[in-house]
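S.K.: build me a structure from this.
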Amino acid sequence: MTLRSKIRLSLIAGVAALTACAGTVAAAPAPHTTTAGTTAGTTAGTKATPTRVEPARLRTAMDDVHRAGVPGVFGEVRDAGRTWRGASGVADLATGRPVSPDMRQRVGSITKTFTAAAVMQQVERGRIRLDAPVGAYLPDLVPGERGRRITVRMLLNNTSGIPDYIPYAFPSLQRNSPTSLDDNRFREFRPAELIALGLAAPPAGEPGGPTGVYSNTNWLLLGQLLERVTGTTAERYITRHVIDRAGLRHTGFPDGPTIDGPHARMYESLWGLLEPPRDYSVYNMSWTGTGAALVSTMDDLNRFYARLLDGRIVSRSSLAQMQRTVPVRALDGTMIEYGLGLHKVVVPGCGTFWGHDGSVWGAGTISLTRADGGRQMSMAVNLQRWNPRSAEGTPQPHPIDTALETLYDRSLCGT
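M.R.: Alright, predicted model coming up:
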């Protein structure tokens, strides 16, 4: 298995396997720029290692991702107190406005780690029990036998057997049509409405089975659970007790369809159904809420995971629970190691990394931190689902895949 296969983490929040699409991706070529720099200081939990930050090689790898077809790519790599930030390409294909390393990004399912941390804080306070049935907290949302069998832990590690609601919230995707993306651009979904769609669908498995099935429905239920036990909205609780506690200055839930601050346009290809790729940077994120709605920067993501893995967001015992993984089938059918809102990624010869990835319409992000805290990578792109589909519905290789593999390799492993 290639490094790209190991660390791409299936882009599970981006509806990667909802439908079999055919077509090609042809992102328009655009001028590219790069920036890089180092800063003094240390990251919590880091120590010197043989894998050093190599600006020239990282800059070249990032430029190659842009040349392969991604309009804009930007990110940050940290190692032993050294920080490199880079960007290549454009934030806007129409104007040629360049991307920059400090831009804000819709980070998709990386939101799930924030939600999981908030739940674990309530576990520490005794307000939530991991192995209590979810029906004891949310009897109106998960009634009957299902509510008695499914526990909070099963929601967090995706072994609840509750299927994903996204194919039903975006029904045109099942007909190989992008119509639902535009129909829902300004629609205000209610969490209970989306949860009901997931619960009404055929079960994805038995609660607590040995293999989980990734489902965004679990994470909307966890948001409702937080609301019930804290007496405030999940978004407000996560902001005050996770985002603020981590010292993040550019991370938050959007309060409308637009993004505040500098950001790139977000181009969705949907495996060639949208040609040229369509901009979905303006979008009502109520369709994903506590599962994937956060906006952040690459600097904030590295700061968050460093502090989480250093025991400064939740206790060490809570972190140990979050790092207990089970095999989970992602939306594209691949198997991943999933804990409680955390992915475990083992890169041979390089180390074990923890983090998450995320994909929403037009925006993809990945953030990984080595287990010892000594190496971190957060990367963002403003094009999604660029792989053309075969007649059988299988994603076909694209030069972007190889270019991203090289960028991730150099970002995580250095020399």
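S.K.: SS state for the residue nearest the centre of the chain?
M.R.: Nearest to the mean C-alpha position of the chain, by C-alpha atoms, centre = their mean, lies G358 at 2.0 Å. Using DSSP: H, G, I helix; E, B strand; the rest coil, the structure places G358 in strand.
S.K.: any idea how far P276 is from it?
M.R.: 23 Å (C-beta to C-beta, to the nearest Å). Placement of C-beta: from N, CA and C, glycine included.
S.K.: how about P348?
M.R.: Look at P348 and P276: by C-beta to C-beta, they are 39 Å apart.
S.K.: who has more neighbours out of these two?
M.R.: Just comparing P348 and P276: by other C-beta atoms under 10 Å the higher neighbour count belongs to P276, 12 against 9.
S.K.: any idea how far that one lies from T334?
M.R.: If you measure P276 against T334 using C-beta to C-beta, the figure is 28 Å.
S.K.: go on, R57?
M.R.: From R57 over to T334 the distance is 28 Å, taken as C-beta to C-beta.
S.K.: tell me where the model's unsure across the chain.
M.R.: 1-51, 415 (pLDDT under 70).
S.K.: please, where are all the helices along it?
M.R.: Assigned by DSSP state H, the helices in the chain fall at 3-7, 55-68, 111-124, 144-149, 152-156, 166-169, 179-183, 191-200, 216-230, 234-238, 289-292, 298-309, 316-322, 399-413.
S.K.: now distance to D102 and mean neighbour count too, for the ones you listed, in CSV please.
M.R.: Output for those, formatted as CSV (distance: least, C-beta to C-beta, whole Å; neighbours: other C-beta atoms under 10 Å):
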stretch, distance to D102, mean neighbour count
helix 3-7, 24, 18
helix 55-68, 15, 20
helix 111-124, 20, 25
helix 144-149, 44, 14
helix 152-156, 32, 24
helix 166-169, 31, 20
helix 179-183, 28, 16
helix 191-200, 32, 18
helix 216-230, 28, 24
helix 234-238, 22, 22
helix 289-292, 22, 27
helix 298-309, 7, 25
helix 316-322, 28, 16
helix 399-413, 17, 21
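S.K.: before we move on, back to that, ok, the residue nearest to the centre of the chain to A330 distance?
M.R.: G358 is 13 Å from A330, by C-beta to C-beta.
S.K.: so what's the residue nearest to the centre of the chain bridging to?
M.R.: Counting by DSSP bridges, G358 forms beta bridges with T365.
S.K.: grab the nearest non-local neighbour of N216.
M.R.: G291 (4.6 Å; C-beta to C-beta, 6 or more residues apart in numbering).
S.K.: wouldn't that neighbour be in contact with T113 here?
M.R.: No - the pair G291 / T113 is not scored as a contact, 11.2 Å apart, by C-beta atoms under 8 Å.
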